[in-house]
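Visitor: no sequence on this one, just coordinates:
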């Protein structure tokens, strides 16, 4: 889930996840409109290039990719982020955002989701208004993964349902459809001479926001760069990190939105450094929200999130598709 959109309310991100699920432990000792559609289509050409295998949520080979906050992860699986809470002051208005997202795997490697946000919007010199933003439905399919090279590609789409929220907090009456490409790459395949870079991983999204009315189209993209201390300990070298540090993943996220037509204005975005803390049953994450340019704002905000690992808590209900192999 990503609920900071620099092109709308200049609100903040939200999504975490945790769970080293190979052994069910964190530590064993612990994308203009056409361009976006073309990018999604290109991924299909990759499907025949590698070997596909299936792992538990968040894993490709030995690599656990945690769900990040402002950029969605590439996995189609059972997820619950509740709550995600943020505050950010964009030019002329401060916004508090409390949101949720729930995703459920329906068929193997295909999931549907719903997300929503409650907003408190305070324009400068005016009373605050409160209400629910438009709800978003999503679908995601894991196209391809290569365990040896810790690489995964997925495609999906989102539908922000126009008119489902309150206009008093800026919810739009227009529907917005966003075909999206997701990717993840871990660097565990580097040689021994670069072994301390192996814990590095990158995930990202590229999506074309296409409204059904005269609002501007826009290109939204995000990248998360992380260094997994659990991976360092278990797959590279146990350097004796004590708790809680051995269960932490430092991360920096970049979330940007570029209007493409109809007077949409400048590119806006944020740079969000933070920490994800992993346990078996939940993940807690916190990030600063730093505006990347003057059009985004001048004040640093913050976001915190709790991701609940439903399949570890209720394995009979979650962690497997509704239809298909379990």
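Guide: Nice, thanks for sending it over. Computed from a predicted model, the values in this text were never measured in an experiment.

Visitor: In which helix or strand does the residue lying closest to residue 76 once chain neighbours are set aside reside?
Guide: Excluding its sequence neighbours, the residue lying closest to residue 76 (CB to CB, 6 or more residues apart in numbering) is residue 111, at 3.8 Å. Backbone N, C-alpha and C define where each C-beta goes, glycine included. Using DSSP states H and E, residue 111 sits in strand 110-123.

Visitor: Now do the same for that strand: mean pLDDT, whole number.
Guide: Taken as a whole, strand 110-123 has a mean pLDDT of 98.

Visitor: Packing partners of it?
Guide: Contacts defined by 3 or more CB pairs under 8 Å, 6 or more residues apart in numbering; DSSP states H and E place strand 110-123 against strand 93-107, strand 129-132, strand 136-146.

Visitor: In the sheet, which strands lie alongside the longest one, parallel or antiparallel?
Guide: Put plainly, it is strand 93-107. Partners of strand 93-107 in the sheet, by DSSP bridges, are strand 79-90 (antiparallel), strand 110-123 (antiparallel).

Visitor: Same list, those strands, but as JSON lines with distance to residue 303 and mean neighbour count please.
Guide: Formatted as JSON lines, these follow (distance: least, CB to CB, whole Å; neighbours: other CB atoms under 10 Å):
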{"stretch": "strand 79-90", "distance to residue 303": "4", "mean neighbour count": "21"}
{"stretch": "strand 110-123", "distance to residue 303": "12", "mean neighbour count": "19"}
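
Visitor: need the ones you listed in JSON lines with distance to residue 270, can you?
Guide: As requested, the strands paired with strand 93-107 are exported to JSON lines (distance: least, CB to CB, whole Å):
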{"stretch": "strand 79-90", "distance to residue 270": "8"}
{"stretch": "strand 110-123", "distance to residue 270": "16"}
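
Visitor: do you know which of these lies nearest residue 319?
Guide: For the strands paired with strand 93-107, proximity to residue 319 was assessed by CB to CB; strand 79-90 is nearest, at 10.7 Å.

Visitor: Quick one: mean pLDDT over the closest one.
Guide: Averaged across strand 79-90, pLDDT comes to 96.

Visitor: picking up where we left off before, to the chain's geometric centre, what's the distance from the strand holding residue 111?
Guide: The chain centre lies 13 Å from the centre of strand 110-123; the measure is CA atoms, centre = their mean, to the nearest Å.

Visitor: got the angle for that strand vs strand 136-146?
Guide: If you take axes from the mean of the first three to the mean of the last three CA atoms, to 10 degrees, strand 110-123 sits at 130 degrees to strand 136-146.

Visitor: can you give me the helices in the stretch 201-326 of the chain?
Guide: 229-231, 310-313 (DSSP state H, counting those that start in this stretch).

Visitor: Low-confidence ranges, the stretch 201-326 of the chain, go.
Guide: For the stretch 201-326 of the chain, the stretches with pLDDT under 70 are 326.

Visitor: Any regions of the stretch 1-150 of the chain where pLDDT drops low?
Guide: For the stretch 1-150 of the chain, applying pLDDT under 70 flags the ranges 1-57.

Visitor: can we see that at 50?
Guide: The stretch 1-150 of the chain contains residues with pLDDT under 50 at 1-55.

Visitor: Of all residues in this structure, which one is nearest the centre?
Guide: Residue closest to the average C-alpha location in the chain (CA atoms, centre = their mean): residue 72, at 1.8 Å.
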